[in-house]
Structure formats: structure tokens, C-alpha cells
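Trainee: only geometry, no sequence info:
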């Protein structure tokens, strides 16, 4: 399958977007909107797509924003205080590959009818998940007269599984929408039968390059005795203060060298189990903050 090259570009903006689900900022109105969505090849016999979907991508120096407008004549089934299964509800899913390669990608999903969201990182064409990826990102949904809308805001620092040396301005990209009542599946890239088909994803040009100083990652996280031990990759050497929210006993300041470092932070968990744990690092030289979450398995049995 030849790689799809589809004519949509990322628009650069100077000011951050307010993430409230309403696509009413001037930046959205002036963006390059795309409505060229396609059925999966397995569903080509179903005829024209009944409900229109359009999206645009913006970026400032720190964040990528994706705005999506999902037209639907029956918005009542999505409104109200709902919490459906994410994978069974109407949703939008986005796939990014900052290296420009189809080998690895990030996957984000959200829905107006579910409080659950999804974020993951996959390598090996989608078959390998080398880290329990849990970045800091946000989204919001809103309703218009005949459509529901969604804004995604993903900081460049949240693509922490990709090193700056491999970063490109032209990314592998795809956006898919799941619709119910009746059910329809549509994709920007022409897929065969499923969402995880990275070799078929297209590309978008114009993504920003993350600042070299912000190439930072906390990975390989595990509990060893009474300490959380992990690898910290730093592009900028110097002192960093590490803090584990809720389960950490005290912040720890560590002097990191350029590259990979081993960091240990004291922790105290109340019992055995699996705990979603928030990690935070602050660089002393400029106050830059790096955050992520990670599930930590705890077994306090002697």
C-alpha cells in the first residue's frame, strides 16, 4: 500500500486555544478544514456517508489542537449526564506519528457520551506497547444546532516517547469517527476494516518541532522496596525536583546528566493493588514542568 499524501496542513497560531469544545475562536474559523472522510473498504458497499464530519488542526509552540465537528440529526441521544462505554459510544479517535514513520504512533480518543478517554503509544506497527503511556492532555465537547463538536489539546511534551532527534514537521496522521443510530465508521485515511492500520495512515505537514530543552521523559517505572524507581531522559542537564502526588513521601531533587538517568523517589502505598500514580518533574533552571501518570503494581507481602 502506497502511503497516502492528503492535502491538509496544520495552521500555526500565536495564542493558545481555550479548550471548551466550542470551535468559535478566529483561529478555528480561519483554519484549513477537511471533510474528506471515507468508509472502510469493507463497508464500501453501504453507499454514501450519511453524516458529515469535518476537522482542522492548529498548533502553537507548545500544543497541538484538533477540532472536529460531527454533524448528526439526533443529538438528544448524546446529551445529558451520560457515561457510556467509550468504545460503544459515538467517538472521535486521532492517531499521530511525530517521526513521520508508520512504525510507531500515539492514539487518543474521546466521546461526548462517555467520561472515559483513551491515550496510548504503540510501536512495531501497532503490535508493541513498550510503556503504560499516560500523558497530560485535555479535551472538551459542546453542541451546536445540528452537530456536536470536540476540541483536543495535546502538549508537545506529552509525546514523550519520541526523542527530538527523530522528530519531523510532517507527521503520520489519521482521524476516525464512530457513529451510532445507525452505526457508521468513517476515516480520513482509507482503511481496510479496522482503526489500527498505521501503514494506511496519511500525513500532515506543518507540525511544530518541540524545543530541544523540552525533550524529557519518565519511563520504565516500577516499585522497588520503598522507592519508585524509573528512568528519566533529559536533554538538558541540571537539577530536577521529582514529586509523586498522593503516594510520594517527599519531593526529591536529583542532578541529571544528559541522556538516561536512574531516579528513585520514596513512596508509601496503603495496601496491595494497582494504583494510578501521578509523576511530576520541575527543572530548577527555568521552572519547566513535566508530568505523566502510570499504573504502579504494589505487593507489600513480606
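Mentor: Arrived safely, thanks for sending. From a predicted model like this one, the values you see are computed outputs, not experimental measurements.
Trainee: CA only for contacts and neighbour counts going forward, please
Mentor: Will do.
Trainee: What segments of the stretch 151-300 of the chain are helices?
Mentor: Counting by DSSP state H, counting those that start in this stretch, one finds no helices in the stretch 151-300 of the chain.
Trainee: if I pick residue 57, what's in contact with it?
Mentor: 9-11, 31-32, 64-67 (Cα atoms under 8 Å, 6 or more residues apart in numbering).
Trainee: From residue 231, how far out is it?
Mentor: 32 Å (Cα to Cα, to the nearest Å).
Trainee: Redo the contacts of residue 57 as TSV? Include distance to residue 185 and secondary structure.
Mentor: Shown next, in TSV, are the contacts of residue 57 (distance: Cα to Cα, whole Å; DSSP: H, G, I helix; E, B strand; the rest coil):
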residue	distance to residue 185	secondary structure
9	23	strand
10	24	coil
11	27	strand
31	25	coil
32	23	coil
64	25	strand
65	23	strand
66	19	strand
67	18	strand
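Trainee: Now render the residues you listed as JSON lines, adding neighbour count.
Mentor: Shown next, in JSON lines, are the contacts of residue 57 (neighbours: other Cα atoms under 10 Å):
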{"residue": "9", "neighbour count": "19"}
{"residue": "10", "neighbour count": "22"}
{"residue": "11", "neighbour count": "21"}
{"residue": "31", "neighbour count": "18"}
{"residue": "32", "neighbour count": "16"}
{"residue": "64", "neighbour count": "21"}
{"residue": "65", "neighbour count": "22"}
{"residue": "66", "neighbour count": "19"}
{"residue": "67", "neighbour count": "24"}
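Trainee: closest to residue 217 among those residues?
Mentor: The nearest member of the contacts of residue 57 to residue 217, counting by Cα to Cα, is residue 64 at 18.3 Å.
Trainee: For that closest one, which residues are in contact?
Mentor: 57-58, 152-156, 207 are the contacts of residue 64 under Cα under 8 Å, 6+ apart.
Trainee: hmm, back to that, out of the contacts of residue 57, which one has the weakest pLDDT?
Mentor: Of all the contacts of residue 57, residue 9 has the smallest pLDDT value, namely 87.
Trainee: related to what we said a few turns ago, nearest to residue 190, of the contacts of residue 57?
Mentor: residue 9 (17.9 Å).
Trainee: Pairing partners for the closest one in the sheet, please.
Mentor: Taking DSSP bridges as the rule, residue 9 bridges to residue 205.
Trainee: Quick check, it in contact with residue 202.
Mentor: No - contact criterion Cα atoms under 8 Å: residue 9 and residue 202 do not qualify, at 11.6 Å.
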